[in-house]
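K.L.:
please work out how this folds:
(one chain, ligands or ions: 1)
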Amino acid sequence: MLAAFVTRTDADDPLSALQVAERPAPDVPEGWARVRLKAASLNHHDLWSLRGVGLPDERLPMILGCDGAGLDDDGNEVIVHAVISDPDWKGDETLDPRRSLLSELHQGALADEVIVPKSNLVPKPAGLSWEEAACLPTAWLTAYRMLFTQGQVLPGQTILVQGAGGGVATALIALGRAAGVRVWATSRDEGKRTRAVQLGADRAFESGARLPERVDAVMETVGAATWSHSVKSLKSGGAIVICGATSGAAPKNAELNRIFFLQLRVLGSTMGTREELGRLANFLLTSGVRPRIDTVLPLERAREGFEKLASGDVVGKVVFTR
Ligand SMILES: NC(=O)c1ccc[n+]([C@@H]2O[C@H](COP(=O)([O-])OP(=O)(O)OC[C@H]3O[C@@H](n4cnc5c(N)ncnc54)[C@H](OP(=O)(O)O)[C@@H]3O)[C@@H](O)[C@H]2O)c1
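P.N.:
Residues are numbered from 1 along each chain as shown. Just a heads-up that it's a prediction; the model follows:
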């Protein structure tokens with residue numbers, strides 16, 4: 001079968017490690033299911049994998065891709081949930097210390113076929129296209145959990161989304177808006193600020209700008225570069241929900257005094273559960289919100305999609321179809 005995979009990683013020149021070629025089709029172990037993929041989407045995670053981050057040599061060759069949607073062997077239309085927990089784990093799989101993301105331990109979704117535990121299949125609503133469904137399992141699910149599970153954000157509240165250009169950030173803006181939340185966003189780039197407003201942000205500000213008033217919650221993916229501003233932007237008792245630290249994990253000023261004095265809450269968030277993925281798919285149906293897709297290419301042209309993501313010249317997701 002055709003697949004985009006890696007047999008050696010390259011920290012300096014990740015795209016040189018990408019191969020798009022034939023791989024053996026997988027056998028299906030007891031309790032697992034095969035999905036014939038119709039669409040799969042790219043994440044920064046795939047670029048990190050090419051660099052060897054989270055993907056040691058002993059796990060290679062590895063097919064890349066966390067996100068996909070397709071048909072199972074019974075012909076059901078399914079979305080593939082990317083968080084694979086230990087078979088003995090019970091409860092919220094994002095809390096399983098032995099969980100992995102598809103393409104970290106198990107072969108990924110940038111291929112004709114992928115196998116996952118049967119419990120990782122989520123029905124795809126007919127109202128979502130294959131391409132839209134394939135965007136949900138990582139960036140959009142992460143945004144959903146940040147807002148509604150960890151952040152407990154309510155309609156009518158105001159949130160700040162830092163770094164409006166990112167995949168998670170754009171999902172946060174669209175989902176927050178659809179849920180009746182007033183969304184403010186920051187970006188270093190004027191074009192991205194304009195697009196944030198087009199996506200549903202009420203207002204967009206330069207990174208670090210003083211806001212008209214303090215917000216109920218901040219959604220953090222940028223990390224060190226925006227942390228101090230995030231803490232200073234919160235009302236007393238407000239929450240920072242953080243799922244990533246693109247600019248670094250050690251802010252110059254952690255603002256600890258402000259955190260305890262204003263009784264702020266710092267909430268970590270990672271991916272989401274199978275149930276949350278199902279609710280996210282339903283929420284898109286009922287709200288009409290759809291993931292913004294930048295580029296659709298056949299899997300044969302995966303290299304072009306990786307190059308686009310690596311260049312930073314994307315607004316929304318890069319999707320490969322079969
Ligand atoms: N925990 C999880 O489950 C999970 C899931 C998905 C992603 N993540 C993490 O979440 C983060 C966001 O990922 P992503 O793919 O959505 O977006 P991304 O491409 O990593 O970028 C996010 C945004 O960060 C801002 N940024 C980057 N460097 C900056 C700097 N030095 N100063 C200020 N802003 C800076 C940029 O905003 P502007 O250019 O607009 O200013 C950019 O659009 C990543 O760290 C990723 O690993 C975590």
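K.L.:
helix or strand: which one has residue 276?
P.N.:
Assignment of secondary structure by DSSP states H and E places residue 276 within helix 274-287.
K.L.:
and residue 212, its phi and psi?
P.N.:
Note on residue 212: backbone dihedrals following degrees, to the nearest 10 are phi -60, psi -30.
K.L.:
should've said residue 230
P.N.:
For residue 230, the backbone dihedrals are phi -60, psi -50 (criterion: degrees, to the nearest 10).
K.L.:
how far away is it from residue 165?
P.N.:
Spatial separation of residue 230 from residue 165 under the definition C-beta to C-beta, to the nearest Å is 17 Å. To be clear about C-beta, it is placed using only N, CA and C from the backbone, and glycine gets the same treatment.
K.L.:
those two: which is more packed in?
P.N.:
residue 230 (26 against 19; other C-beta atoms under 10 Å).
K.L.:
which non-adjacent residue is nearest that one?
P.N.:
Ranked by C-beta to C-beta, 6 or more residues apart in numbering and with sequence neighbours excluded, the top spatial neighbour of residue 230 is residue 218, at 4.3 Å.
K.L.:
contact partners for the one you found?
P.N.:
Going by C-beta atoms under 8 Å, 6 or more residues apart in numbering, residue 218 touches 159-162, 230, 233-234, 238-241.
K.L.:
sec struct for it, please.
P.N.:
Look at residue 218: counting by DSSP: H, G, I helix; E, B strand; the rest coil, its state is strand.
K.L.:
number of nearby residues for residue 81?
P.N.:
In terms of burial, residue 81 registers 28 neighbours under the definition other C-beta under 10 Å.
K.L.:
so it is in contact with residue 133, correct?
P.N.:
No - taking C-beta atoms under 8 Å as the contact criterion, residue 81 and residue 133 are not neighbours in contact, 11.7 Å apart.
K.L.:
and stretch 232-251, how far out from the chain's middle?
P.N.:
Here stretch 232-251 shows a centroid-to-chain-centroid distance of 18 Å under the convention C-alpha atoms, centre = their mean, to the nearest Å.
K.L.:
in stretch 244-259, what's buried?
P.N.:
Neighbour-count burial for stretch 244-259 flags 244-246, 251, 255 (criterion: 16 or more other C-beta atoms under 10 Å).
K.L.:
related to what we said a few turns ago, just checking, what packs against the helix holding residue 276?
P.N.:
Based on contacts counted as 3 or more C-beta pairs under 8 Å, 6 or more residues apart in numbering; DSSP states H and E, the elements that helix 274-287 packs against are strand 121-123, helix 141-144, helix 167-178.
K.L.:
who touches it?
P.N.:
Here helix 274-287 makes contact (C-beta under 8 Å, 6+ apart) with 79, 81, 83, 93, 119-120, 122-125, 127-128, 132-133, 136-137, 140-141, 144-145, 149, 175, 178-179, 272, 289-291.
K.L.:
what parts of the protein come near the ligand?
P.N.:
Where proximity means C-beta under 6 Å from any ligand atom, the interface of the chain facing the ligand comprises 44, 138-139, 142, 163-169, 187-189, 192, 207, 221-222, 225-226, 243-247, 270-271.
K.L.:
rerun that using 5 Å as the cut-off
P.N.:
For the chain, the contact set with the ligand under C-beta under 5 Å from any ligand atom comprises 44, 142, 163-168, 187-188, 192, 221-222, 225, 243-244, 246-247, 270-271.
K.L.:
re earlier: which of the contacts of helix 274-287 count as buried?
P.N.:
Buried residues within the contacts of helix 274-287, defined by neighbour count using 16+ other C-beta under 10 Å: 79, 81, 83, 93, 120, 122, 124-125, 128, 132-133, 136-137, 140-141, 144-145, 149, 175, 179, 272, 289-291.
K.L.:
so which of the helices and strands packed on helix 274-287 is nearest residue 18?
P.N.:
Closest to residue 18 of the helices and strands packed on helix 274-287 is helix 167-178 (C-beta to C-beta; 19.2 Å).
K.L.:
quick one: contacts of that closest one?
P.N.:
Contact partners of helix 167-178, identified using C-beta under 8 Å, 6+ apart, comprise 43-44, 139-140, 142-144, 146-147, 153, 159, 161-164, 183, 185, 196, 199-202, 219, 221, 243-244, 283, 287-289, 291-292, 315-317.
K.L.:
which helices and strands does whichever helix or strand comes after it pack with?
P.N.:
Downstream of helix 167-178, the next assigned helix or strand under DSSP H and E is strand 182-187. The criterion is 3+ C-beta pairs under 8 Å, 6+ apart, and the helices and strands that strand 182-187 contacts are strand 158-161, helix 167-178, helix 190-199, strand 203-206.
K.L.:
any chance of the ones you listed in JSON lines with mean pLDDT as columns?
P.N.:
Supplementary listing: the helices and strands packed on strand 182-187 in JSON lines, determined by pLDDT from 0 to 100:
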{"stretch": "strand 158-161", "mean pLDDT": "98"}
{"stretch": "helix 167-178", "mean pLDDT": "96"}
{"stretch": "helix 190-199", "mean pLDDT": "94"}
{"stretch": "strand 203-206", "mean pLDDT": "98"}
